[in-house]
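# When you get a sec, could you give me coordinates for this:
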Amino acid sequence: MSSDGTRTEMKSEKRKFEETEENSETVAAKKQATENASEEKVVSAIVEEYLSDDDEGDLRVVENEFDRSRSCPYLDTINRSMLDFDFEKLCSVSLSHLNVYACLVCGKYFQGRGRKSYAYTHSVEVNHHVFLNLYTLKFYCLPDNYQIIDSSLEDITYVLNPTFSKKQIKGLQSMSKPVRAYDGTTYLPGIVGLNNIKANDYCNVLLQALSNVPPMRNYFLREENYSHIKRPPGDIMILLSQRFGELIRKLWNPRNFKAHVSPHEMLQSIVRCSQKRFQITKQGDPLDLLAWFLNSLHIALNGTRNPKSSIVTRTFQGEMKIFSRKIPSPELNEEQKQKLLKTEEYQEKEQTSPFRYLTLDLPAAPLYKDELEHNIIPQVPLSSLLAKFNGSTEKEYKGKRDSTMKRFLLTKLPSYLIFYIKRFTTNLFYTEKNPTIVNFPVKNIDLSDCLPPGSDQVDTCYDLIANVVHDGDPNAGKGSYRVHILHQGSNQWYEMQDLHVVDILPQMITLSEAYIQIWALRKSEKPAKNGAKASEQATKMETN
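Here you go, the predicted structure:
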């Protein structure tokens, strides 16, 4: 009994010792864990405090920068009456076109905005602070060199780069109310004077006429229509479409600062792309410019021989048949003439040719004065000039050796038809002008007589929308050009000669010496399908 008691006592003491050992280990472990946790809390608190201090500093810097951009103290120094974005974007000091800024106080262009740039120097010397990057359209304050963010400057960026939505373009056809420019003058968008730099009136009349042709205008008002077009490297023809689009958007801008536009950049691109064939300082022929411009613009838009490959051919290109036959020389005797007429070379040949304008030949002007010693100014109806294209009227074209008789027949009429009335004849000594007045209606001329019988052309009537006139001496630099434009929204005619814009009665247009005319095809309204169904149902009810 005693041995058994001692054994149980020993086991119980051993168990107590193990329990106390386990308790001491758990207490030590818990203490270590609490110590580690407290250290982690302290470290995390220090890290959080450190990070929060840095973030708050960064936030303060961002907020200060943000406040400064939003509340620039120099915005009231901007002088909108001095701003003119029509001229070439070149630095006025270095003449570089890279990274150019416009000073919004004096309107001058300067390069760069760094500490050694011309814009920075200008801001320090003259105390002008607000500048606009002409390419990124971002505003900056110099010499502090921070970006300005303010919604009140949106009108300046719109004048520099006007944009039009499809809804706005549709509304141009019905716009009849004049708008007011920043300088207080009123104008109709599209009926805007162009500045004559020296002798570019022959360019101005053509640009004003083309800007009022709706398909051309609508196409170039939206830059995305042609901005994606790629040309071969080094090809400068792409400038023509870009500058023409910029000019069209400025002419139709309803929020201009002034009621006129300077076509400086457009003229520079014409001079450069034509390799100085057409110049600003020397008056040229609008017809030569028209033919070259339409062809070059067609090429710049990646046009091909397909009549629907560019907006130029879709708008102005028609088609005609040309019948030509050679005539033997009058020096030959009758037998030789008859023998030549039987050869294949002297048989009539037919060819189909596209055209972008039609040449109308005026009858010769009288050589002598009338009984009262006054010059006779003859008059001729437009219908007699159009008889050239009826397929039966022949005209002789003299060559160096042989002459050719030609007759013309129109097979396809374009949406917009250009007439060139041939007034000038040039010889070795001087240029002569035919003063014959062409009598034409302003609306509804019918060209059905110039189409072959059985033609599928439904619409054959045209209305006049632009009329280019030459006044004065025909020799270069002595005469002047003006243009009559129909504003389709108000249905009012305007006479435009450079910056001079006045309204005019349509009866006065026919009294002028017309040189180039643009006519719009009058398209017949197609009956709606619902209307046709309703009329069919009505007829059925009546028969029942």
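# out of everything not next to it in sequence, what's closest to Met405?
Glu394 (4.9 Å; C-beta to C-beta, 6 or more residues apart in numbering). Just so you know, the C-beta spots here come from the backbone N, C-alpha and C atoms, and that holds for glycine as well.
# Local confidence estimate at the residue positioned nearest the centre of the chain?
In the chain, the C-alpha nearest the mean C-alpha coordinate belongs to Gly245, at 1.8 Å (C-alpha atoms, centre = their mean). Listed pLDDT for Gly245 reads 95.
# Offset the numbering so it begins at 373, please.
Yep, numbering from 373; the last one is Gly617 now.
# still on that earlier bit, now for the residue nearest to Met777, how many residues are close by?
12 (other C-beta atoms under 10 Å).
# Then the one 4 residues further on?
Residues within reach of Lys770, counting by other C-beta under 10 Å, total 9.
# quick one: it from Phe688, how far?
From Lys770 over to Phe688 the distance is 29 Å, taken as C-beta to C-beta, to the nearest Å.
# again with Asn839
As judged by C-beta to C-beta, Asn839 and Phe688 stand 16 Å apart.
# Next: Gln580.
Applying C-beta to C-beta to Gln580 and Phe688 gives a distance of 17 Å.
# Ok, Gln647 next?
Gln647 is 24 Å from Phe688, by C-beta to C-beta.
# which phi and psi does Ser466 have?
Main-chain torsions, Ser466, degrees, to the nearest 10: phi -90, psi -10.
# Now do the same contact list for it.
Ser466 sits next to Gln483, Tyr490 when contact means C-beta atoms under 8 Å, 6 or more residues apart in numbering.
# quick revisit: who has more neighbours, Gln580 and Phe688?
Gln580 (29 against 24).
# Now that one: which helix or strand?
helix 573-582 (DSSP states H and E).
# And the helices in the stretch 523-672 of the chain?
526-532, 538-544, 573-582, 586-593, 610-623, 636-645, 658-672 (DSSP state H, counting those that start in this stretch).
# Among those helices, pick out the one with the most neighbours on average.
By mean neighbour count, with neighbours taken as mean count of other C-beta atoms under 10 Å, helix 573-582 ranks first of the helices of the stretch 523-672 of the chain at a mean of 25.
# Report all helices and strands that that one contacts.
Packing partners of helix 573-582 (3 or more C-beta pairs under 8 Å, 6 or more residues apart in numbering; DSSP states H and E): strand 565-566, helix 636-645, helix 658-672, strand 833-843, strand 852-859, strand 864-869, strand 886-893.
# For the shortest one, which strands pair with it and how are they oriented?
It stands for strand 565-566. Sheet pairing here is set by DSSP bridges, and for strand 565-566 it gives strand 632-633 (parallel).
# what comes into contact with the partner strand?
Asp458, Val564, Gly565, Leu566, Asn567, Leu619, Lys622, Leu623, Leu871.
# who's in contact with the fourth one?
The reference is to Leu566. Asn576, Leu579, Gln580, His632, Val633, Ser634, Pro635, Met868, Asp870, Leu871.
# are any of those residues buried, and which?
Asn576, Leu579, Gln580, His632, Val633, Ser634, Pro635, Met868, Asp870 (16 or more other C-beta atoms under 10 Å).
# Please look at Gln519 and Lys510 and confirm they touch.
Yes - here Gln519 reaches Lys510: they are 5.9 Å apart, a contact under C-beta atoms under 8 Å.
# Compute the distance between the closest residue to Arg594 other than its chain neighbours and Trp624, please.
Here the nearest residue to Arg594 in space, its sequence neighbours aside, is Phe536; by C-beta to C-beta, 6+ apart that works out to 6.3 Å. According to C-beta to C-beta, Phe536 and Trp624 sit 7 Å apart.
# out of the two, which sits in the busier spot?
Trp624 (25 against 20).
# what's the more buried one in contact with, if anything?
Counting by C-beta under 8 Å, 6+ apart, Trp624 makes contact with Pro534, Phe536, Leu544, Pro561, Gly562, Ser583, Arg589, Leu593.
# now do Thr731
By C-beta under 8 Å, 6+ apart, the contact list for Thr731 reads Tyr792, Lys794.
# Go through the helix or strand containing it and flag the buried ones.
Counting by DSSP H and E, the element that carries Thr731 is strand 730-733. Residues of strand 730-733 classed as buried by neighbour count (16+ other C-beta under 10 Å): Leu730, Leu732.
# For Leu757, give me its contacts.
Leu732, Asp733, Leu734, Ile793, Val810 are the contacts of Leu757 under C-beta under 8 Å, 6+ apart.
# which one among those gets closest to Ser523?
Ile793 (51.9 Å; C-beta to C-beta).
# my read is that closest one is in a strand, agree?
Yes - assessed with DSSP: H, G, I helix; E, B strand; the rest coil, Ile793 lies in a strand.
# ok, it - contacts?
Counting by C-beta under 8 Å, 6+ apart, Ile793 has contacts Leu732, Leu734, Leu757, Val810, Ala886, Tyr887, Ile888, Gln889.
# ok, 7 Å please
Leu732, Leu734, Val810, Ala886, Tyr887 (C-beta atoms under 7 Å, 6 or more residues apart in numbering).
# where in the chain is pLDDT low?
373-438, 740-747, 897-916 (pLDDT under 70).
# returning to that earlier point: the contacts of strand 632-633 into TSV, with extra columns for distance to Pro515?
Listed next are those as TSV, based on distance: C-beta to C-beta, whole Å:
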residue	distance to Pro515
Asp458	28
Val564	38
Gly565	39
Leu566	38
Asn567	34
Leu619	35
Lys622	32
Leu623	37
Leu871	38
